[in-house]
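Sequence below, structure please.
(2 chains)
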Number of protein chains: 2
Amino acid sequence: MNGTLHINEGRYRVNWNALAAIGATPDGGVHRPALSEAHLEARRWFLETAQGAGLETTVDSAGNHSARLRCGPPGAPVLLLGSHLDSVPYGGRFDGALGVTAALEVLQTVADQGITLDTHLEAIDFTDEEGHYANFLGSLALTGKLASAHLQAPRGDHARFLDALGRAGLSEASLFTTGRDPATLAGYLELHVEQGSRLDEGQVEIGIVSGIVGIRSYHVRFVGRADHAGTMPMERRLDAAHGASAFTLAVRETVMGELPGSVATVGNMAFEPGVFNVVPEVVTVSLEFRADTEVRLDEIEALLREAAAHAARRFGLDLEIQHLDSTTPAQMHKQVQAAFAGACEALGLRHTTLPSGAGHDAQCLAAVCPTGMIFVPSAGGFSHSAREFTRWQDCVNGANVLLQAALALGRV
Amino acid sequence: MNGTLHINEGRYRVNWNALAAIGATPDGGVHRPALSEAHLEARRWFLETAQGAGLETTVDSAGNHSARLRCGPPGAPVLLLGSHLDSVPYGGRFDGALGVTAALEVLQTVADQGITLDTHLEAIDFTDEEGHYANFLGSLALTGKLASAHLQAPRGDHARFLDALGRAGLSEASLFTTGRDPATLAGYLELHVEQGSRLDEGQVEIGIVSGIVGIRSYHVRFVGRADHAGTMPMERRLDAAHGASAFTLAVRETVMGELPGSVATVGNMAFEPGVFNVVPEVVTVSLEFRADTEVRLDEIEALLREAAAHAARRFGLDLEIQHLDSTTPAQMHKQVQAAFAGACEALGLRHTTLPSGAGHDAQCLAAVCPTGMIFVPSAGGFSHSAREFTRWQDCVNGANVLLQAALALGRV
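Below you'll find the model as predicted:
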């Protein structure tokens, strides 16, 4: 401990428990989809807790919630520390929430000590990281990268999205006035749970993220012909389910066989008409894949387009591929990675460097300021589920690394 | 034509066109799901048209709509001619509607001629043949074969079913008081479109049905584990979509390879949670298969259960198979088949004998009285779709065969 500042573990735990109770589900998870009542309650808790600690609070025009500590000289840039308070539907307590709680604790610890830096510090909770309506809504807005096309087909639907914005005191237009001048941003640091099992299995305490994968998503539609399920002989059918099934198996074989380390997922199929006694005319497959470089994303796309075409030909089907969304792989800043490594050394924590298979707000921030992320272990690797779990000591370790890196990077 | 009575083709066509306009869709089909507003309108049209022709009308406690011609002696049994006015969602104009229109025309023709028979004649429109809520609801009720288990899980849901019954002036209890004494039934004749392409391709004008397949339906649930689609490596997933896809392809290969002439269909898959960025935890496959004997149905069931178990094992999934419904294969009555053949001979129409791959109300009636069916050609074999089409001359041929068979069977 000698000389290395630590966060206040008791206060951190009280805050953590209070937050985990908001939107809690009986199985130990939370249900806080973006802009839901539980999510808005979590955000009120954040403001009240920050104000109670004597921090300034602000809410910007994209709904991002911030607590600020003016520990730098007048006009100094701000070092952002943050994550998100929204969850996937019936998700876990740790994803996002841990990073916001830790950021708040870092500001309180620095304030307690009366430390001054070359930057101010800001703990930030970004809006709709999980994409209940639109992925990374808050961080895209803050970095000025939000494009109107991103909002044209929000998940759920557009009317529900506008309604949810309204309930949160926001509007579609206000989202486009959030952008900050990059010169005001000293950097962005994010603590998050790994959501995979590499750290847990390797018994490594801290993962320093080298980069964040890019994601591409598509609707792959196989179109055959609706026929009576009793009277059309099997050999004369144009059954969209056969193309969709063959494609789903081909996605698995292609990625496992030819693209080790990348992932591709068929998360849904929608059948039309979708009844027992009619041969399926249309099956729309929801496909996404992820890789750490654009070159690799292009390679996967080419292979899976060929696999889809092959599956369609095999069963006499038509094929329509609709591109829905892309995110760009993002590299984490070398100097920030070095600051995290130095913090781990000072704290005596085992650490490794690894890419992130999940998307994070950090990938948006990386486009405008020095950005880095650390992971703490997810027990068993469970994620986006109530089974998600991170041991408390790992939560503490992550907050201490965040604190040390902020102190290092705040002294330019 | 000499000596062989024909229906009134002009009147038949006027009625046909009037009926096809009810619930008409822009693509030439109809949307008349059972107990929908359009279906109830078609039933009102049926009653008004029959009354306008001087026929008695009745509606029984299962909603079956009837027109009666008292052309037999007092106390004579009744020869039923009929089909159904409901359609699958966005289905064709001919399926069911043709048989009801032809039955009405047969009664009108017999009435025009003042013919007396040994039986009365009744044109009947059965409730919910297509199983929008429960397959063969009206014909099961009329034959006294309706079991309460058949109504425990109506499609849609139970509240909607009760609501629809209420709007039609029916109740769940009333469905169980519909049964007729078999001694009052001289037989049941049904004209229907083939819904397949055997007659059309063979240039045969009339198909005399030998028997109707039995159908078994199931929910086959593959249960894996929900994981983050970015962070869980492909080789460690328990992805329910892989089991469901492998099973769907195995169903096709098993039935085509080992069970020629039978059919099996995966009509839907429901994914949970069903989103892009979560590995599917559960996929529920809607499966049905059909065959002309119980022995063959048992054989298919055994093979497909083994195929499902194999697909689940291959991907480390759990498997739950829920039996939903079964119908028994039904043989058509030899004497009725002979009467149809004699009618075709008298009218100079090419005919053949064939099994029905689709279920029909006739399979319920076969349990209580001499029952037979004829098919007329479906151009291209299209069915349960707006592309369903039968040439007008074939509609006329079918009604004339129905008329001749009714005259023959009505003279015991």
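
Other residues contacting stretch A:268-278?
With contacts defined as CB atoms under 8 Å, 6 or more residues apart in numbering or on different chains, stretch A:268-278 is touched by A:226-230, A:240-241, A:244, A:248, A:280-286, B:88-90, B:131, B:217, B:241, B:265, B:267-269, B:271, B:274-276, B:280, B:286-288, B:384-385. All C-beta spots, glycine's among them, are computed from the backbone N, C-alpha and C.

I should have written stretch A:40-59 there, sorry.
With contact meaning CB under 8 Å, 6+ apart, stretch A:40-59 is reached by A:15, A:18-19, A:22-23, A:32, A:63, A:65-70, A:85, A:97, A:100, A:104, A:107-108, A:111, A:123, A:125, A:167-168.

Might you specify the subset of those located within helices?
Counting by DSSP state H, those place A:15, A:18, A:19, A:97, A:100, A:104, A:107, A:108, A:111, A:167 in helices.

How about the contacts made by the residue nearest to the spatial centre of chain A?
Centroid-nearest residue in chain A: residue A:360, 3.6 Å away (criterion: CA atoms, centre = their mean). Neighbouring residues of residue A:360 by CB under 8 Å, 6+ apart: A:83, A:129, A:190, A:192, A:212, A:373.

Give me the neighbour count for the residue in the stretch 51-200 of chain A positioned nearest to chain B.
Of all residues in the stretch 51-200 of chain A, the one sitting closest to chain B is residue A:196 (3.6 Å; CB to the nearest CB). Residues lying near residue A:196 (other CB atoms under 10 Å in any protein chain shown) number 26.

mind checking pLDDT for it?
Residue A:196 is assigned 90 on the pLDDT scale.

again, but for the one 5 residues further on
pLDDT for residue A:201: 94.

Look up how far residue A:194 lies from it.
10 Å (CB to CB, to the nearest Å).

Now do the shared contacts for those two.
When contacts are counted by CB under 8 Å, 6+ apart, the set common to residue A:201 and residue A:194 consists of residue A:381.

Have a look at the two and say which one is more surrounded.
Shown here are residue A:201 and residue A:194; by other CB under 10 Å, residue A:194 has more neighbours (29 against 11).

Run a quick neighbour tally on the residue nearest to the residue of the stretch 51-200 of chain A closest to chain B when sequence neighbours are not counted.
Of all residues not flanking residue A:196 in the chain, residue B:231 sits nearest, at 3.6 Å (CB to CB, 6 or more residues apart in numbering or on different chains). When neighbours are counted by other CB under 10 Å, residue B:231 registers 24.

Residue A:17 too?
11.

next one: residue A:125
The number of residues packed near residue A:125 is 31, by other CB under 10 Å.

For the spatially closest residue to it that is not a sequence neighbour, give its distance to residue A:334.
Among residues not flanking residue A:125 along the chain, residue A:65 sits closest, at 4.3 Å (CB to CB, 6+ apart). Going from residue A:65 to residue A:334 by CB to CB gives 30 Å.

of the two, who's got more company?
Taking other CB under 10 Å, residue A:65 and residue A:334 do not tie; residue A:65 has more neighbours (24 against 11).

So for that one, what pLDDT did the model give?
For residue A:65, pLDDT reads 98.

Got phi/psi on residue A:102?
Backbone torsions for residue A:102, taken as degrees, to the nearest 10, come to phi -70, psi -40.

Surely residue A:161 is in contact with residue A:151?
Yes - with contact defined as CB atoms under 8 Å, residue A:161 reaches residue A:151; the gap is 7.4 Å.

any shared contact partners between these two?
Shared contacts of residue A:161 and residue A:151, counting by CB under 8 Å, 6+ apart, come down to residue A:134.

Looking at the two now, which is surrounded by more residues?
Counted by other CB under 10 Å, residue A:161 and residue A:151 do not tie: residue A:161 has more neighbours, with 22 against 19.

where does the more buried one land in three-state SS?
helix (DSSP: H, G, I helix; E, B strand; the rest coil).

show me what contacts it?
Residue A:161 sits next to A:133, A:134, A:151, A:154 when contact means CB under 8 Å, 6+ apart.

one step back: let's see which of the contacts of residue A:360 end up in strands.
Among the contacts of residue A:360, the members falling in strands (DSSP state E) are A:83, A:190, A:192, A:212, A:373.
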